[in-house]
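Q: sequence and predicted structure are below.
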Amino acid sequence: MEIYLLAGLAIVVVLLAVGGFYLVRTRRSVAPGEEETPPEVTREPKPAAPEDREKDGGADLLPPAQAPPAGEGATAAPAEPELETPPPSAGRMVRLRARLARSQSALGQGLLNLLSSSSLDEDAWEEIEDTLITADIGVASATQIVENLRTKVKVLGTRDHDEVRALLREELLAQIRTEAERGVRTAPHGDRPAVIMVVGVNGTGKTTTTGKLARVLVGDGRSVVLGAADTFRAAASEQLQTWGSRVGAPVVRKEEGADPASVAFDAVARGIDDGADTVIIDTAGRLHTKTGLMDELGKVKRVVEKKSQVDEVLLVLDATTGQNGLRQARVFAEVVNVTGIALTKLDGTAKGGIIVQVQRELGVPVKLVGLGEGPDDLAPFDPEVFVDAILG
Ligand SMILES: Nc1nc2c(ncn2[C@@H]2O[C@H](COP(=O)(O)OP(=O)(O)OP(=O)(O)O)[C@@H](O)[C@H]2O)c(=O)[nH]1
């Protein structure tokens, strides 16, 4: 009997020892954090709910916050990309004044030297006019400025540097100021976002300006949706996605070659669904034929207007392209109702006079100026800051 008891006890001890050994081994093979993972967390990314896809209108909607960072496992919560806080629109041009002064002050200094010289003869007046024309101010405006200055200098009999500067400032401002409202219309209408179409020839800085404008608006506290309707070049949509990601603005995009009007429509639909303040649509601007351009931009506008009115059609113009750029601008103005001009690359040319000429020719104000390749190098145009930068 005792033998049976002892044998029973020995079996229990052996079973306990073997059980303990396996328990320890199993626990060691589990990574420390993993044992807390609830079983229902799956390794597969959750497919989008059908209603979400419907809401996106089938477009490739890639808001950055939802895209998992490359190389990370699907179990890890997608890291929120750090969003940038761009500076507000107010005071931007003042901050960029040094750039303007660098590119434009040779014009102002040349004019001031000529005007305050003791021998202000016919040749000097001709040289003043040539200097203005060389700065792309246009013949009509240059002639008018010279005529007005001649009269004033004669009447006042002045050569004093400060007085001459004040006269020139007045004349330049008179040419640059316009009656038309210079602010970009970005405020929503009730539950509908403001819609801005950005048009222009490729390479002028259209996509960059669209991205920079989104930053200006985000800096002013507005919510923005971007539409990559330049489907002609896949890189343009990628580029816009990057701009949007940096400030948390959703970008509505589709595959290369997709119908630009459908992207624009989806972008506005997304803007309405999201309760966004402003939708900005980057369009393709290849100048194939005038009819082709008219058809494309006309269709984009018509289709957008099924959802919401178009508040602004901003024409992007490269300041370094001079007369060629103006010719292109004329074509755009003929096919679409341009409401404002975004003049880019003003940091790269001394021909800031193009502002006067383009406003005069197209009858629409320059609303924005690009003063560099940096993300915040776009500013609402301020004529006084501009003229003061020219005159030093
Ligand atoms: N220096 C300077 N460069 C600028 C400015 N604005 C845009 N650019 C540059 O101009 C180049 C063309 O800009 P994009 O925005 O790609 O031009 P786009 O008109 O959209 O052309 P696509 O993308 O081909 O449609 C880029 O290298 C920009 O960085 C500016 O104000 N100053």
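A: Structure's in. What do you need? Numbering: from 1, shown residues only.
Q: just the strands in the stretch 251-392 of the chain please.
A: 251-253, 278-283, 312-318, 340-344, 366-370, 378-380 (DSSP state E, counting those that start in this stretch).
Q: just send those back as JSON lines, with mean neighbour count and distance to the ligand too.
A: Every C-beta, even on glycine, is put in place using the N, C-alpha and C of the backbone. Formatted as JSON lines, those follow (neighbours: other CB atoms under 10 Å; distance: least, CB to the nearest ligand atom, whole Å):
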{"stretch": "strand 251-253", "mean neighbour count": "29", "distance to the ligand": "13"}
{"stretch": "strand 278-283", "mean neighbour count": "31", "distance to the ligand": "7"}
{"stretch": "strand 312-318", "mean neighbour count": "25", "distance to the ligand": "6"}
{"stretch": "strand 340-344", "mean neighbour count": "26", "distance to the ligand": "4"}
{"stretch": "strand 366-370", "mean neighbour count": "25", "distance to the ligand": "2"}
{"stretch": "strand 378-380", "mean neighbour count": "24", "distance to the ligand": "7"}
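Q: so for the strand or helix carrying residue 226, what gets flagged as buried?
A: Assigned by DSSP states H and E, residue 226 belongs to strand 224-229. Of all the residues in strand 224-229, those buried under the rule 16 or more other CB atoms under 10 Å are 224-229.
Q: and the contacts of it?
A: 193, 210-211, 214, 217-218, 236-237, 240-241, 243-244, 247, 249-254, 260-261, 263-264, 266-268, 270-271, 274, 276-284, 300 (CB atoms under 8 Å, 6 or more residues apart in numbering).
Q: re earlier: which one of the strands of the stretch 251-392 of the chain lies closest to residue 156?
A: strand 366-370 (30.8 Å; CB to CB).
Q: show me what that closest one is in contact with.
A: Defining contact as CB under 8 Å, 6+ apart, one finds that strand 366-370 is touched by 93, 182-184, 205, 208-209, 212-213, 314, 340-347, 355, 358-359, 377-381, 386.
Q: do the same with stretch 293-303
A: Residues contacting stretch 293-303 (CB under 8 Å, 6+ apart): 197, 199, 229, 260-262, 264-265, 281, 283-287, 310, 313, 331-332, 335-336.
Q: circling back: just checking, next helix/strand downstream of the strand holding residue 226?
A: Assigned by DSSP H and E, the successor of strand 224-229 is helix 234-247.
Q: write out the residues of the stretch 251-392 of the chain neighbouring the ligand.
A: 344-345, 347-348, 370-373, 377 (CB under 6 Å from any ligand atom).
Q: for those residues, which one is nearest the ligand?
A: residue 370 (2.4 Å; CB to the nearest ligand atom).
Q: in the sheet, who's paired with the closest one?
A: When assigned by DSSP bridges, residue 370 has beta-bridge partners residue 378.
Q: so how far is residue 210 from it?
A: To residue 210, residue 370 is 12 Å away according to CB to CB, to the nearest Å.
Q: cool, residue 280 as well?
A: 5 Å.
Q: ok, residue 115 - how many residues close by?
A: The tally of other residues near residue 115 (other CB atoms under 10 Å) stands at 21.
Q: verify the contact between it and residue 171 for me.
A: No. Between residue 115 and residue 171 there is no contact under CB atoms under 8 Å: 10.5 Å.
Q: shared neighbours of the two, anything?
A: residue 149.
Q: flag the shaky bits of this structure, pLDDT-wise.
A: For the chain, the stretches with pLDDT under 70 are 1-81, 287-288.
Q: for it, which segments count as helices?
A: 2-28, 50-55, 92-95, 97-116, 122-134, 139-156, 161-176, 206-219, 234-247, 260-274, 290-304, 322-335, 354-362, 383-391 (DSSP state H).
Q: please identify the most buried of those helices.
A: Most buried of those, by mean neighbour count (mean count of other CB atoms under 10 Å): helix 206-219, with a mean of 25.
Q: which strands and helices lie in contact with it?
A: strand 194-199, strand 224-229, helix 234-247, strand 278-283, strand 312-318, strand 340-344, strand 366-370, strand 378-380 (3 or more CB pairs under 8 Å, 6 or more residues apart in numbering; DSSP states H and E).
Q: which one of those lies nearest to residue 155?
A: By CB to CB (comparing all of the helices and strands packed on helix 206-219), the closest turns out to be strand 366-370, at 31.5 Å.
Q: any idea how far the closest one is from the chain center?
A: 12 Å (CA atoms, centre = their mean, to the nearest Å).
Q: do stretch 191-198 as well
A: On CA atoms, centre = their mean, the centre of stretch 191-198 falls 14 Å from the chain's centre.
Q: how about stretch 250-265?
A: With CA atoms, centre = their mean, you get 17 Å for stretch 250-265.
Q: how about residues contacting it?
A: Contacts of stretch 250-265 (CB under 8 Å, 6+ apart): 56-57, 59-63, 197, 225-234, 237, 240-241, 243-245, 266-267, 270, 274, 281, 283-284, 296, 299-300, 302-304, 306-307.
Q: circling back: quick check: neighbours shared by residue 280 and residue 210?
A: In contact with both residue 280 and residue 210: 198, 226, using CB under 8 Å, 6+ apart.
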